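Undergrad: Starting from these lines, generate the structure:
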Amino acid sequence: MTRKTVVMVVSVLALTTVTVLAQSQTARWQKLLNNQLLSNVDASVVNNGAATARAGETQTGIGDLGGLAAAAAGSSVSKLSLCADRSFVLTLEDSASVQGMAPVSSASKVTGSWAISAATQTDAKIKLTPRSAGDASILKNAQLQNFTVSFTGDRTFVNKTRWYRMPAAVCKK
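TA: Numbers count the residues shown, from 1 in each chain. This next block holds a predicted model:
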């Protein structure tokens, strides 16, 4: 065998190994995410001039807001079910209330298909494609059109923000 032939064989083997590893990572992530619900809750409260906020599992006191006495609260709940048949269901619920005013809320539901566009040992890139083209803006605003998911021990992160992961009730088993 000539040196050129050896280099070509080694290159083909290396490319094949990289391709097989990428495929096995994708399959691993698919297994981890099939029929799973990813959820996140952001909430904040202002009462008697002090504010507290919660994002994922982190809670913080914001401190004095200059004597703002009105009580106000708001929350945002995101729930993304990734089903084994490659479909997804995303529900977004936002609500806000201010003392002395009627509460306001909104809800959105987006369905479509999901795919893993890239996967490594540490994370996976997920692409959501909505059934209705008009829902693309909802996914974009929620930063879920293309996102990264990763796990650190039992913790799940979506775009580096803590989310919770549990079995999805809406997916057909």
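
Undergrad: And the contacts of the longest strand seen in the chain?
TA: Among all segments of the chain classified by DSSP state E, the strand with the greatest residue count is strand 104-119. Defining contact as CB atoms under 8 Å, 6 or more residues apart in numbering, one finds that strand 104-119 is touched by 22, 25-26, 28-30, 33, 82, 86-97, 124-132, 135, 138-139, 146. From N, CA and C alone the C-beta is placed, and that goes for glycine too.

Undergrad: Pretty sure Cys171 is one of the things Ala84 touches, is it not?
TA: Yes: assessed by CB atoms under 8 Å, Ala84 is found in contact with Cys171 at 6.5 Å.

Undergrad: Any buried residues in the helix or strand just after the longest strand of the chain, and which?
TA: Downstream of strand 104-119, the next assigned helix or strand under DSSP states H and E is strand 123-130. Residues Asp123, Ala124, Ile126, Leu128, Pro130 are the ones in strand 123-130 that count as buried (16 or more other CB atoms under 10 Å).

Undergrad: mind checking which helix or strand of the chain has the lowest mean pLDDT?
TA: Taking mean pLDDT, DSSP states H and E as the measure, strand 58-64 is the helix or strand of the chain with the lowest mean score, a mean of 47.

Undergrad: ok, Leu90 - contacts?
TA: By CB under 8 Å, 6+ apart, the contact list for Leu90 reads 78-81, 108-111, 128, 138-139, 142, 144.

Undergrad: Check the gap between it and Met101 for me.
TA: 29 Å (CB to CB, to the nearest Å).

Undergrad: centroid residue for this structure?
TA: Most central in the chain under CA atoms, centre = their mean is Val158, positioned 4.0 Å from the mean C-alpha point.

Undergrad: Now, of the contacts of Leu90, which are buried?
TA: Ser78, Lys79, Leu80, Ser81, Val110, Thr111, Leu128, Ile138, Leu139, Ala142, Leu144.

Undergrad: Tell me the one among those nearest to Pro167.
TA: Taking CB to CB as the measure, Pro167 sits nearest to Ser81 out of these, at 9.5 Å.

Undergrad: how many other residues sit next to the residue nearest to the closest one when sequence neighbours are not counted?
TA: The spatially closest residue to Ser81, leaving aside those adjacent along the chain, is Ala168, at 3.8 Å (CB to CB, 6 or more residues apart in numbering). The local packing count at Ala168 equals 23, with neighbours defined by other CB atoms under 10 Å.

Undergrad: Backbone dihedrals for Ala168, please?
TA: Per-residue torsions, Ala168: phi -90, psi 120 (degrees, to the nearest 10).
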